[in-house]
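K.L.:
based on what follows, work out the 3D shape:
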Amino acid sequence: MHNARKVKPTGIELVDRLVAVNRVTKVNKGGRTFSFSAIVVVGDENGTAGFGSGKSKEVSESIAKAVEDAKKNLFRIPLVKGTIPHEENGKFAGSRVFLRPASSGTGVIAGGAMRAVLESVGVHDVLAKSKGSSNPQNVVKATFDALLKLRDVKEIARTRGISVDKVFNG
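P.N.:
You can find the predicted model right below:
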């Protein structure tokens, strides 16, 4: 995923949110074997979040595996006063997502899988729309695609080699 800002978890309190559990079936000679697939989003609700998936014959075990996977894939997301710095689109497979910053007090206007991701990141005010496929796995990945494209003012100033106030005043 891009040149993402991966983070190492160092004593931060991570909250995990279950996005979806899916029962999957494998057909054997002796009948069907059921197992469970889970997708989980973890975050510190302060700009760090990650997602993971796990699979097992037990629901609780698949969730535990997903949480472990998510903790290995944490990313830093820039936030500005509880919202995102600018509009952004994200896509993954057939899922398309659109994120727009919102004024304070708006809340998280997002559905399903996107809501879990945005709340884990720590976004309090945002307008979001999911288009195309509603497959939770792909919506989560598309949302992270959009979030990882976000850049804050300091990062833009650093890449251009200018001061922060010159970014706005040109």
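K.L.:
low-confidence regions, this protein specifically.
P.N.:
Applying pLDDT under 70 to the chain flags residues 1-5, 7-11, 170.
K.L.:
recalculate using a threshold of 50.
P.N.:
Across the chain, not a single residue meets the criterion (pLDDT under 50).
K.L.:
look up how far residue 33 lies from residue 23.
P.N.:
Residue 23 is 11 Å from residue 33, where distance means C-beta to C-beta, to the nearest Å. C-beta here means a position set from N, CA and C on the backbone, and glycine is covered the same way.
K.L.:
check residue 131 too.
P.N.:
Taking C-beta to C-beta, one finds residue 131 at 36 Å from residue 33.
K.L.:
from the contact counts, what lies against the helix or strand containing residue 17?
P.N.:
Assigned by DSSP states H and E, residue 17 belongs to strand 15-28. Applying 3 or more C-beta pairs under 8 Å, 6 or more residues apart in numbering; DSSP states H and E, one finds that strand 15-28 makes contact with strand 31-43, helix 59-72, helix 112-121, helix 136-149.
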